[in-house]
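Engineer: Here is a sequence together with a model predicted from it:
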Amino acid sequence: DDIGYMPFPSTSGKPCTVLQPDYKYAINKHSKNQEAARAWLDWYITESGAAQAEQGISSVKGAELPATLKPFTDNGVQLIGQQQEKSATVKKIDKGAEINLDAPDYRQKLVDIARGAAPGDRDSYFAELNKKWSQAQKTVNG
């Protein structure tokens, strides 16, 4: 009962959170049963109740948020849809910066700094990450 979700603060003063789409729903382009697969997929997303049962955010536009996120609705949290069109560029920058956003290493280092198990402070570590990112971004974007 005590565990919930907390939105990020933002520079606008309005709390927000990013929605990550479930991009794993797909129909094999080589399937001989694409029409049936599409019918199943449509049923699964719109009628099965799977999102509600899993307390997930439905793929259906306008669907209610799950009960676990009711405080978001009550507090006017802005839901920001995650965009995928620049993900290839972000991955190139991330690789060049050697930060590895998909791994926990850089976050663990921040935790270690905060608990005194690693040298440095938050501001210097963020400055280091920003410098690496900026340099890689210049390389990727020209």
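Structural biologist: Nice, thanks for sending it over. Note that this is a predicted model, so its numbers are computed, not measured. Numbers count the residues shown, from 1 in each chain.

Engineer: which ones are touching residue 51?
Structural biologist: 45, 57-60, 63, 66 (C-beta atoms under 8 Å, 6 or more residues apart in numbering). Every residue, glycine included, has its C-beta placed from N, CA and C.

Engineer: Run through the strands of this structure in chain order.
Structural biologist: Ranges of strands within the chain are 16-19, 78-81, based on DSSP state E.

Engineer: tell me the average confidence for the last one?
Structural biologist: Per-residue confidence for strand 78-81 averages out to 84 on the pLDDT scale.

Engineer: ok, back up a step: I'd like the strands of the chain laid out as TSV, including mean neighbour count and distance to residue 72.
Structural biologist: Supplementary listing: the strands of the chain in TSV, determined by neighbours: other C-beta atoms under 10 Å; distance: least, C-beta to C-beta, whole Å:
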stretch	mean neighbour count	distance to residue 72
strand 16-19	14	7
strand 78-81	12	7
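
Engineer: I'd like to know how far the spatially most central residue of the chain sits from residue 58.
Structural biologist: What sits nearest the mean C-alpha location of the chain, by C-alpha atoms, centre = their mean, is residue 20, with 4.5 Å. Separation of residue 20 from residue 58 (C-beta to C-beta, to the nearest Å): 14 Å.

Engineer: again with residue 114
Structural biologist: 36 Å.

Engineer: Residue 29 now?
Structural biologist: Taken as C-beta to C-beta, the span from residue 29 to residue 58 is 26 Å.

Engineer: Comparing these two, which residue is more hemmed in?
Structural biologist: Neighbour count, other C-beta atoms under 10 Å: between residue 29 and residue 58, residue 58 has more, with 18 against 6.

Engineer: Spit out the contact partners of that one.
Structural biologist: Residue 58 neighbours (C-beta under 8 Å, 6+ apart): 45, 51-52, 64.

Engineer: so which of those is the most crowded?
Structural biologist: residue 51 (20 neighbours).

Engineer: Report pLDDT for it.
Structural biologist: Value for residue 51, per-residue pLDDT: 88.
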